[in-house]
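Asker: can't give you the sequence, but here's the structure:
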């Protein structure tokens, strides 16, 4: 539900390879122009086992640029790195290896279309991803991964009825195990929390899903349970579900979602150890800075760590400033930038403008909650009415927003 740093694709396994999204692009603190072609501008993070695989895939791509299997394997490796590192540059590389099939058309191999749409979704090109998916599904209406990805994108945009239609297409494709939680998640967003939770629990209790290889799918179900519990205002239930999900193995999405939950519950001391192993993407660094600031305000941040905390805040501010210089990037970074303005800088007016910009692109519960918090902090009654109207328009029910705005939307 919370699309990270954008959105996410619903978790899936076996035939389906779906995304949990870390949606923000890591920007360097200070733009720099190299003085010569030989100057090393930046060394990308080292990833165990990646360099050898990269070289092999690059060689094969040069030899066979339109080899569908090689291109898909290379794009998947890059996309996995983008998700793990929270670095959209790798997603750009994934898109690059698919360029041999441009322009996309109905004759493009279906797997290439689906991969292209998946990468576009990661890069927040939701309109482009939707167009590509509909092109793919027009000729391959039984492609389960295509329907589940489309359902997720429509959900992220707040188009629940259309998302339901895509979920139901999974029934026609005989992918019932994905259709049920797909529909349940939408129903949970609409406020039918009990029924949604029951569907998810029945799946979790299914003997079939106890197989070890289906662990990622169980983890997705648990995280979805946690988020629906948050919508219902059941924090103890959400806490337990998040811990069970993370106990199965951390994923970037789950760690960020749980970090946000802990920060909302004013438990910053639990956030720092949770995020310590993660790559310092914009999204991760933002939560670290927020936790550090709250610990400092509570006089619980050790003196030895305060200088480092100040450097972290300065680095993050520089990243957002650098991102703002790139044409057309403001909306892509608006969610995290709004959180930074509101929760770190204390600039409610700036946060409100950014949160309003963000909901033009994505309308997940975290986006509407951020919009509501910024409107309340700015004491802007018109903006608060705007949040409530948008909630009614898309059909979202969220106890957290009700608490912020003082009554049901």
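Answerer: Nice, I can see it. Keep in mind it's a predicted model, so treat the numbers as computed, not measured.

Asker: surely residue 67 meets residue 59?
Answerer: No - with contact defined as C-beta atoms under 8 Å, residue 67 does not count as touching residue 59 (11.7 Å). (Glycine included, C-beta is placed from N, CA and C.)

Asker: domains in this structure, as residue ranges please.
Answerer: 266-325, 326-409 (automatic domain parsing).

Asker: what about the shortest one, average pLDDT?
Answerer: Taken as a whole, domain 266-325 carries a mean pLDDT of 94.

Asker: re earlier: which one of the domains of the chain lies nearest to residue 250?
Answerer: Closest to residue 250 of those is domain 266-325 (C-beta to C-beta; 7.3 Å).

Asker: kindly provide the distance from residue 116 to residue 300.
Answerer: Taking C-beta to C-beta, to the nearest Å as the measure, residue 116 falls 47 Å from residue 300.

Asker: about what we covered before: pick out whichever of residue 67 and residue 59 has more residues nearby.
Answerer: Neighbour count, other C-beta atoms under 10 Å: between residue 67 and residue 59, residue 67 has more, with 14 against 11.

Asker: once you drop chain neighbours, what's closest to the more buried one?
Answerer: Of all residues not flanking residue 67 in the chain, residue 60 sits nearest, at 6.9 Å (C-beta to C-beta, 6 or more residues apart in numbering).

Asker: residues near the nearest residue to residue 111 once chain neighbours are set aside, how many?
Answerer: Closest residue to residue 111 apart from its sequence neighbours, by C-beta to C-beta, 6+ apart: residue 72 at 5.8 Å. Neighbour count for residue 72, taken as other C-beta under 10 Å: 18.

Asker: can you list the buried residues in the helix or strand where residue 72 lies?
Answerer: If you go by DSSP states H and E, residue 72 is part of helix 68-85. Using 16 or more other C-beta atoms under 10 Å as the test for burial, helix 68-85 gives 68, 70-85.

Asker: show me what counts as buried in the next helix or strand after it.
Answerer: Heading C-terminal from helix 68-85, the first helix or strand you meet, by DSSP H and E, is helix 88-97. Under the neighbour-count criterion of 16+ other C-beta under 10 Å, helix 88-97 has 88, 90, 91, 93, 94, 95, 97 buried.

Asker: in a markdown table: these, plus distance to residue 223 and pLDDT.
Answerer: Below are these laid out as a markdown table (distance: C-beta to C-beta, whole Å; pLDDT from 0 to 100):
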| residue | distance to residue 223 | pLDDT |
| --- | --- | --- |
| 88 | 22 | 85 |
| 90 | 23 | 89 |
| 91 | 22 | 93 |
| 93 | 27 | 92 |
| 94 | 24 | 94 |
| 95 | 27 | 95 |
| 97 | 30 | 93 |
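
Asker: need those residues in a markdown table with distance to residue 266, can you?
Answerer: Putting the buried residues of helix 88-97 into a markdown table (distance: C-beta to C-beta, whole Å) gives the following:
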| residue | distance to residue 266 |
| --- | --- |
| 88 | 31 |
| 90 | 34 |
| 91 | 34 |
| 93 | 40 |
| 94 | 38 |
| 95 | 40 |
| 97 | 45 |
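
Asker: circling back: quick one, which of residue 116 and residue 300 is more surrounded?
Answerer: For the pair residue 116 and residue 300, the greater number of neighbours falls to residue 116 (26 against 10), based on other C-beta under 10 Å.

Asker: who are the contact partners of the residue nearest to residue 67?
Answerer: 67, 70, 74 (C-beta atoms under 8 Å, 6 or more residues apart in numbering).

Asker: hmm, back to that, okay, the domains of the chain, which one's buried deepest?
Answerer: Burial of the domains of the chain is given as mean neighbour count (mean count of other C-beta atoms under 10 Å); domain 326-409 ranks first at a mean of 19.

Asker: for that domain, what is the distance to the chain centroid?
Answerer: 17 Å (C-alpha atoms, centre = their mean, to the nearest Å).

Asker: wait, residue 74 touches residue 55, no?
Answerer: No - contact between residue 74 and residue 55 fails when scored by C-beta under 8 Å: they sit 11.2 Å apart.

Asker: how much space between the residue nearest to residue 67 and residue 76?
Answerer: Using C-beta to C-beta, residue 60 is found at 14 Å from residue 76.

Asker: same question, residue 177
Answerer: Note on residue 177: its distance to residue 76, by C-beta to C-beta, is 22 Å.

Asker: measure residue 321 to residue 138 for me?
Answerer: Residue 321 sits at a distance of 43 Å from residue 138 (criterion: C-beta to C-beta).

Asker: could you check which helix or strand contains residue 108?
Answerer: If you go by DSSP H and E, residue 108 is not part of any helix or strand.

Asker: could I get the contacting residues of it?
Answerer: By C-beta under 8 Å, 6+ apart, the contact set of residue 108 is residue 101.

Asker: what are the phi and psi values at it?
Answerer: phi -70, psi 140 (degrees, to the nearest 10).

Asker: from residue 129, how far off is it?
Answerer: Separation of residue 108 from residue 129 (C-beta to C-beta) stands at 14 Å.

Asker: quick one: low-confidence residue ranges for this structure.
Answerer: Along the chain, segments meeting pLDDT under 70 span 1-51, 409.

Asker: name the single longest helix found in it.
Answerer: Longest helix in the chain, counting residues (DSSP state H): helix 303-324.

Asker: give me the distance between that helix and the centre of its chain.
Answerer: Put simply, helix 303-324 sits 23 Å off its chain's centre (C-alpha atoms, centre = their mean).

Asker: elements contacting that helix?
Answerer: Other helices and strands packing on helix 303-324, by 3 or more C-beta pairs under 8 Å, 6 or more residues apart in numbering; DSSP states H and E, are helix 282-297, helix 334-343.
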